[in-house]
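[1] kindly return the folded structure for what I paste below:
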Amino acid sequence: MAKFGKKSKTSQDIPTAALPDIIFMLLFFFMVTTVMRETDILVKQILPKAIQLSKLERKSLISYIYIGEPKQSGIFGKEPKIQVNDVFVEIDEIVLFINQEKDKLNEVERDQITIAMKVDVESKMGIVSDVQQELREANARKVLYSSIQTIDI
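    Here you go, the predicted structure:
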């Protein structure tokens, strides 16, 4: 008579076939939902209020210029400063900044660059008009002024 023995072929392995799919789904989720700040704003910003605003569609064509009193007034003084990217610049360096921003774009899109100026409410108009003059010299004709929307009750 033959003896029939129990042959247990169950394994204790964890199936890992779906693991790469799960990892890539998580990676894709965090890449899509994460927003990274491009620049650190070094000037105080209290934007003026406006009633009618419009939103731009292509943010890749926008370069920002910040004007206001430095946050670290002990180091940089209390006079309004011009900030582009993460550095303070003088008025005569704006043309160079605009040319560098245009070089980052495709040749077709270079004329479509928009300069967004975020100017503090307390800033004098003299520095703003100087920046506008430099933008004209750099052939940056599309200028917008950022503000926050007021709600009329």
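[2] can you list the residue ranges for helices in this protein?
    For the chain, applying DSSP state H gives helices covering 19-33, 73-76, 94-104, 125-137.
[3] in space, not sequence, find me the middle residue of the protein.
    residue 38 (4.4 Å; Cα atoms, centre = their mean).
[4] which residues touch it?
    By Cβ atoms under 8 Å, 6 or more residues apart in numbering, residue 38 lies in contact with residue 85. Using the backbone N, CA and C atoms, a C-beta is placed for each residue, glycine as well.
[5] so which of the helices of the chain is the most surrounded?
    helix 94-104 (a mean of 16; mean count of other Cβ atoms under 10 Å).
[6] near residue 41, how many other residues are there?
    14 (other Cβ atoms under 10 Å).
[7] do you know the pLDDT at residue 6?
    At residue 6, the model reports a pLDDT of 69.
[8] try residue 152
    58.
[9] in this structure, which spans are strands?
    49-50, 62-68, 81-84, 87-89, 114-119, 142-145, 148-149 (DSSP state E).
[10] other SSEs contacting the fifth one?
    When contacts are defined as 3 or more Cβ pairs under 8 Å, 6 or more residues apart in numbering; DSSP states H and E, strand 114-119 sits against strand 62-68, helix 125-137, strand 142-145.
[11] and it, how far from the chain's centre?
    12 Å (Cα atoms, centre = their mean, to the nearest Å).
[12] list the pairing partners of that strand within its sheet, with orientation.
    strand 62-68 (parallel), strand 142-145 (parallel) (DSSP bridges).
[13] tell me which helix or strand of this structure sits lowest on mean pLDDT?
    When each helix and strand of the chain is scored by mean pLDDT, DSSP states H and E, strand 148-149 comes last, with a mean of 72.
[14] got the end-to-end distance for stretch 63-80?
    19 Å (Cα to Cα, to the nearest Å).
[15] show me what that stretch is in contact with.
    If you take Cβ under 8 Å, 6+ apart as the criterion, stretch 63-80 is touched by 39, 41-45, 81-84, 88, 94, 97-98, 101, 113-120, 122-124, 127-128, 131.
[16] pull out the buried positions in it.
    Within stretch 63-80, the residues scored as buried using 16 or more other Cβ atoms under 10 Å are 63, 64, 65, 66, 67, 68, 69, 70, 80.
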